[in-house]
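[1] Everything below, folded, please.
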Amino acid sequence: MTREIGFNDITQDYITLAEARRRGGLRLILGAYAIPGPWRESCKSLFDVKGIPYTCVRCSNEDAVETDFGANGGHSELIAWTAQSSAPVAVWEDERPRSSWIDQLNLAERLNPEPRLVPADFEQRVRMFGLINELAGENGLAWSKRLMLTDQALANAPEGSPERAFWQTLGGKYGYSPTAAASAKARMIEILHNLDSQLARQAARASRYYLGDALTALDIYSACFYALLEPMPAELCPMATSYRPAYRNADPDIEQAMTPRLAAHRDYIYQQHLVLPVVF
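    Take a look at the predicted model:
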């Protein structure tokens with residue numbers, strides 16, 4: 001019988017924010033929770049691929065609950081250090097904390113230029129950053145998925161309930177409105193179609209990667225963000241059991257855009273380059 005995995009079940013050591021501020025080296029503020037948050041997993045994977053050691057840090061010294069969906073409580077220490085309340089955050093030595101995906105990628109490239117994850121070719125580089133933004137940026141794939149989740153939850157949560165308050169808080173973070181949620185599905189489908197088309201062009205030249213013939217950051221972000229549509233099985237991604245349904249796609253139109261090519265790319269990148277099973 002498979003054991004139920006809880007939200008707070010973790011399999012590696014984390015230190016507190018207070019401890020992290022006293023240390024040097026690379027510290028990744030991740031939140032110590034058994035869910036494959038796509039920004040979190042992408043950030044970790046950048047440094048894993050480059051062989052850069054890091055220390056995992058909790059979001060709050062009081063262990064205030066923060067879900068992958070972005071609602072948070074009591075993160076005053078995190079805000080005081082990083083001027084914002086979300087994870088992941090990468091902190092190198094005494095440099096400024098880096099809470100955006102593009103800053104984290106640039107930091108990883110600087111700390112260890114090899115293997116190179118940002119293409120040298122100008123056109124490939126521009127395309128890579130643009131497509132990662134379609135996954136990880138405002139109004140991108142993950143942002144749109146959360147708008148859809150918020151819309152569905154608010155339609156079912158009773159007035160005055162804690163569940164409704166949670167989703168209203170989340171909705172505020174992502175600029176939720178019924179109008180924004182109504183356009184989110186088409187946005188997700190458009191992004192998936194474009195990613196699939198890019199892989200198809202690469203397959204025609206016998207490449208398993210999005211750009212050129214080697215791994216780039218786009219491959220990592222695409223593999224990690226696919227968890228929002230279909231997480232890997234429990235033996236490879238032992239995530240909190242109660243959260244798995246929210247990570248799976250339930251929309252038939254989006255399902256059609258989730259091509260076998262996209263899923264196969266995710267599996268290939270994890271098997272060849274990333275850490276399996278996923279470690280929380």
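
[2] And the pLDDT for Arg27?
    As predicted, Arg27 sits at a pLDDT of 98.

[3] no no, Glu114
    97.

[4] which residues touch it?
    The contact partners of Glu114, taken as CB atoms under 8 Å, 6 or more residues apart in numbering, are Lys50. Placement of C-beta: from N, CA and C, glycine included.

[5] same check, this time on Ile52
    The contact partners of Ile52, by CB under 8 Å, 6+ apart, come to Leu26, Ala108, Leu111, Asn112.

[6] Is it in a helix, a strand, or coil?
    Following DSSP: H, G, I helix; E, B strand; the rest coil, we place Ile52 in the coil state.

[7] Could you report the distance from it to Thr241?
    Distance from Ile52 to Thr241, counting by CB to CB, to the nearest Å: 32 Å.

[8] ok so, going back, filter the contacts of Ile52 to the buried ones?
    When the contacts of Ile52 are checked for burial by 16 or more other CB atoms under 10 Å, the buried set is Leu26, Ala108.

[9] Greatest separation within the contacts of Ile52: which pair is it?
    Maximum pairwise distance in the contacts of Ile52, criterion CB to CB, is 10.5 Å, between Leu26 and Asn112.

[10] quick one on the thing from earlier: out of the contacts of Ile52, the closest to Leu262 would be?
    For the contacts of Ile52, the residue nearest Leu262 by CB to CB is Ala108; the value is 24.1 Å.

[11] did I read that right, the closest one in a helix?
    Yes: assignment of Ala108 by three-state DSSP places it within a helix.

[12] wouldn't it be in contact with Ser45 here?
    No: distance between Ala108 and Ser45: 9.6 Å, which falls outside the contact criterion (CB atoms under 8 Å).

[13] Tell me how far the spatially most central residue of the chain lies from Leu107.
    In the chain, the centroid-proximal residue (CA atoms, centre = their mean) is Pro38; its distance is 1.4 Å. When CB to CB is applied, the distance between Pro38 and Leu107 equals 18 Å.
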